[in-house]
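S.K.: Sequence and predicted model, in that order:
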Amino acid sequence: MNIDGICISLPKEYLGLKVQLMCDSLPKLLSGIPLTIELVAISLSIGFILAMCIALMRISGSRLLNIVSRSYVFYFRGTPLLVQIFLIYYGLAQFDLIKESFLWPFFREAYWCGILALTLNTGAYTAEIIRGGLQSVPHGQIESARSMGMSGILLYRRVILPIAFRQALPAYGNEMILMVKGTSLVSTITLMEITGIARHIIAKYWTPVEIFLIAGIIYLFINYLVTRIVRYAENRYTPYLQTNE
Amino acid sequence: MEFIHLLSLGDQGWGDEMLRATMVTIMVSISAMCIGLFVSIFGTISKLSKNRLIRAIGNTYTTVVRGIPELLVIYLLYFGFNNAIMSIANSLFGYNQYIELPVFLIAALAVGIISGAYSTEVIRGAFLVVPRGQIEAAKSVGMNRFLVFYRVLIPQVLRYALPGLGNVWQLTLKDTALIMVTGLVEIMRQAHIASGSTYSPFTFYMSAAILYLVLTTASSKALNSAENWANKGVKREKA
Amino acid sequence: MTTALKIKNLTKSFGSLDVIKGISLTANQGDVICIIGSSGSGKSTLLRCINLLEIPDSGDVWVNEELISMTKNKAGDPCPADYKQVDRIRTKLAMVFQDFNLWTHMTVLQNVIESPIHVQKISKQKAIDRGYDLLKKVGINEKAEQYPSSLSGGQQQRVAIARALAVNPDILLFDEPTSSLDPELVGEVLRVMKSLAKEGRTMIVVTHEMGFAKEVASKVVFLHDGLIEEQGEAKDVFNSPKSERLKKFLASNLEG
């Protein structure tokens, strides 16, 4: 199948948009998807583990751990993702201490800086989602389990966590979509995911509206898939909550 | 320490520029939020409409704007508006010079359209949560549709919508950082300019972070008071 | 004497479920009609068709000998012909709901004066004075400045009754007014309702409180499956029920 062949058969311009160019750039933009998915997958996974740790720190009795976890969440939810990315990529390079340490090969790379920023960001938001999920478990359900003699880890494993998980599912689905959108910001530190490639093409051909339109449609499609996955999970784990929408 | 010198007010330091940029950020955020609320009125009406086509328009708006990265929306609207105005001017008046709309306007419009999509969802949700009984009681004492709407429905919708709208405000505030790509000198762009000039990126991006923290924290406190006022008639269930 | 309320051949279905299958009823001024029956018999729906919170599929409703004019909308479904008439008639037909439905964003007093001021255009001061009088009548005037959420169920329902009285209705409609209340609060609401009946108010009450019906009703209507199974004076219906279903219903609803 010859993409060029298909594209040439399209009109050069339609409604003021350079359709042929849009078609030509499609494969290039699609080649950014793997990196986008990679960034999302890694940051969501590590971020989730991080969020669990933060949640544990909050419910631990220790005052210090509580303050640390609350400050972390406060900082990363109170500042824009862009600032966090810039601070790690540009900001840390200001310090000779970092430049001479063994961590420098990591912080020098835009890729690792991007992953770090995305991970820390989603960690904070996910920690709040987990906290919300745990808090929203109805007291009655816990009390009835306790009254049957369940306690400790068993109580968490069989009653609290499953219910909390189901309560938090819609909010976490939303967070996943926000992460997909967040990856577009790492294009500002030279990473060639979808948005990065888009900006590169635009710099060459100066057709911002056309290229960003195609890029936007690609993101819409990815987010649509994420929404379907989340809805499938919701149906599977909380069938009793489903209404006919 | 050097950063005190860098951040000082006056000619030598960038402190006053950063503060001025903060004002710009606040202004853009407020404008965008207002534009968003205005748009969300139409969005909500559209999404609650019985007409399928009108509903589809509203749904398309919220789905598309919330499904595309904000950076792309801002780029699209920034270039799109300029191009659109230019082609209109060209075809209507034959004016084919380069036109550029004021950046503040475009920035506020772009963030406003994004903000509006989220506001629409919040207000629509609030509409659906108002208990039917409140409306029925109003009807049963003879209130016409106008009275029911203004005296019972709207106050209750606002009460339920307030926390969600507070969230949208925080979102809007943070999204204005992305405006830096349009060249408008708000906090991020100012930090970018300053760090390029002084080779101290950490100092300025950290200042930017702190400025945003101050703004979001102050907003949080204000919103808490507003929520307490709006809920004055209602006993809150302890979580 | 004018007929306060007349219903002729009312029918109503929800989808494929026929809830009311043809009911005719007349109420004279001063009548206290209690509608009883098991759940699903159509009692609440019947009441809500009177003030058009539900739109009947067919049949006619006269309030104070004024016919509520109906027509068909674009989709072919029945709907009121003149909404202004509906609003006007509703002020003559105030309703008290099972869930009270007090407006949570207004104080008790504001709840009571809302309709007089905005619908009937009475002056604010007059409405406030009347409001206090009515709240005193139902025994709750010391709570006038409080919000409904700080009141008990029985207190809220009494405020709801005061709110209904404030529009000076010709007929009071009660939709299971005590069904949501704790047993010990039922009494205070029934007391208010009894005193209203003694005053000669026209009342239509859907209720499960058989004792109340026995004591106060001028007519009792027993509904079954969307139709009037039996009706008559309270003593006849309760002491010598004719239909088998009514006998069964009374047996399972009266304590001893």
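M.R.: Sure thing, it's come through. Keep in mind it's a predicted model, so treat the numbers as computed, not measured. Numbering: from 1, shown residues only, chains lettered A, B, ... in the order given.

S.K.: what about B:Asn90, neighbour count?
M.R.: 13 (other C-beta atoms under 10 Å in any protein chain shown). For the C-beta atoms, the positions are set from N, CA and C on the backbone; glycine is no exception.

S.K.: helix or strand for it, which one?
M.R.: Per DSSP states H and E: B:Asn90 is located in helix B:70-93.

S.K.: next structured bit after that helix?
M.R.: Defined by DSSP H and E, the subsequent element after helix B:70-93 is helix B:103-129.

S.K.: Give me the packing partners of that next one, helices and strands only.
M.R.: Counting contacts by 3 or more C-beta pairs under 8 Å, 6 or more residues apart in numbering or on different chains; DSSP states H and E, helix B:103-129 packs against helix B:15-47, helix B:52-67, helix B:70-93, helix B:154-175.

S.K.: next SSE after it?
M.R.: For helix B:103-129, the following helix or strand on the C-terminal side (DSSP H and E) is helix B:132-140.

S.K.: centroid residue for the chain?
M.R.: All of this is about chain A. A:Met179 (2.0 Å; C-alpha atoms, centre = their mean).

S.K.: Oops, wrong one, chain C.
M.R.: Most central in chain C (C-alpha atoms, centre = their mean) works out to C:Leu173, at 1.7 Å.

S.K.: dump the residue contacts of the closest residue to B:Gly133 other than its chain neighbours.
M.R.: With C-beta to C-beta, 6 or more residues apart in numbering or on different chains as the criterion, B:Gly133 has its nearest non-adjacent residue at 3.8 Å, and that residue is C:Asn101. C:Asn101 makes contact with B:131, B:133-134, B:136-137, C:160, according to C-beta atoms under 8 Å, 6 or more residues apart in numbering or on different chains.

S.K.: one more time with 7 Å, if that's ok
M.R.: Taking C-beta atoms under 7 Å, 6 or more residues apart in numbering or on different chains, we find C:Asn101 in contact with B:133-134, B:136-137, C:160.

S.K.: one step back: quick one: the residue nearest to the centre of chain C from A:Gln135, how far?
M.R.: 42 Å (C-beta to C-beta, to the nearest Å).

S.K.: interface residues of chain A facing chain B?
M.R.: A:16, A:75, A:78-80, A:82-83, A:86-87, A:90-95, A:135, A:181, A:184-185, A:195, A:208-209, A:212-213, A:215-216, A:219-220, A:223 (C-beta under 7 Å from any C-beta of the partner chain).

S.K.: State which one residue of the stretch 51-200 of chain C is found closest to chain A.
M.R.: C:Asp182 (19.6 Å; C-beta to the nearest C-beta).

S.K.: Next up, phi/psi of that residue, please.
M.R.: phi -60, psi 150 (degrees, to the nearest 10).

S.K.: okay but it is in contact with C:Gln155, surely?
M.R.: No: with contact defined as C-beta atoms under 7 Å, C:Asp182 does not count as touching C:Gln155 (11.8 Å).

S.K.: With neighbour numbers in mind, choose between the two.
M.R.: Applying other C-beta under 10 Å to C:Asp182 and C:Gln155 shows that C:Gln155 carries more neighbours, namely 22 against 10.

S.K.: Tell me which residues touch the more buried one, please.
M.R.: Contacts of C:Gln155 (C-beta under 7 Å, 6+ apart): C:140, C:143.

S.K.: follow-up on the earlier one: which of the helices and strands packed on helix B:103-129 has the lowest mean pLDDT?
M.R.: Mean pLDDT values for the helices and strands packed on helix B:103-129 show the minimum at helix B:70-93, a mean of 84.

S.K.: picking up where we left off before, mind putting the contacts of C:Asn101 into JSON lines with neighbour count, pLDDT and distance to C:Tyr147?
M.R.: Listed next are the contacts of C:Asn101 as JSON lines, based on neighbours: other C-beta atoms under 10 Å in any protein chain shown; pLDDT from 0 to 100; distance: C-beta to C-beta, whole Å:
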{"residue": "B:Gly133", "neighbour count": "16", "pLDDT": "91", "distance to C:Tyr147": "16"}
{"residue": "B:Gln134", "neighbour count": "19", "pLDDT": "91", "distance to C:Tyr147": "14"}
{"residue": "B:Glu136", "neighbour count": "18", "pLDDT": "92", "distance to C:Tyr147": "20"}
{"residue": "B:Ala137", "neighbour count": "29", "pLDDT": "92", "distance to C:Tyr147": "15"}
{"residue": "C:Ala160", "neighbour count": "26", "pLDDT": "93", "distance to C:Tyr147": "14"}
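
S.K.: Pick the one among those closest to C:Pro177.
M.R.: C:Ala160 (8.0 Å; C-beta to C-beta).

S.K.: Regarding that closest one, what is its secondary structure?
M.R.: When classified by DSSP: H, G, I helix; E, B strand; the rest coil, C:Ala160 comes out as helix.

S.K.: so who does it touch?
M.R.: Here C:Ala160 is in contact with C:96-97, C:100-102 (criterion: C-beta under 7 Å, 6+ apart).

S.K.: likewise B:Val73?
M.R.: Going by C-beta under 7 Å, 6+ apart, the list of residues near B:Val73 reads B:65, B:110, B:114.

S.K.: cool, and B:Met33?
M.R.: B:115, B:169, B:172.

S.K.: thought the first one was touching B:Lys174?
M.R.: This points to B:Ser115. No: counting by C-beta under 7 Å, B:Ser115 does not reach B:Lys174; the two are 11.1 Å apart.

S.K.: okay, those two: which has more neighbours?
M.R.: B:Ser115 (31 against 22).

S.K.: How about the more buried one, nearest residue that isn't a chain neighbour?
M.R.: Here the residue nearest B:Ser115, using C-beta to C-beta, 6+ apart, is B:Gly36, at 3.0 Å.

S.K.: Against chain C, how distant is the one you found?
M.R.: Distance from B:Gly36 to chain C, counting by C-beta to the nearest C-beta, to the nearest Å: 25 Å.

S.K.: try A:Ile46
M.R.: Distance of A:Ile46 to chain C, computed by C-beta to the nearest C-beta: 45 Å.
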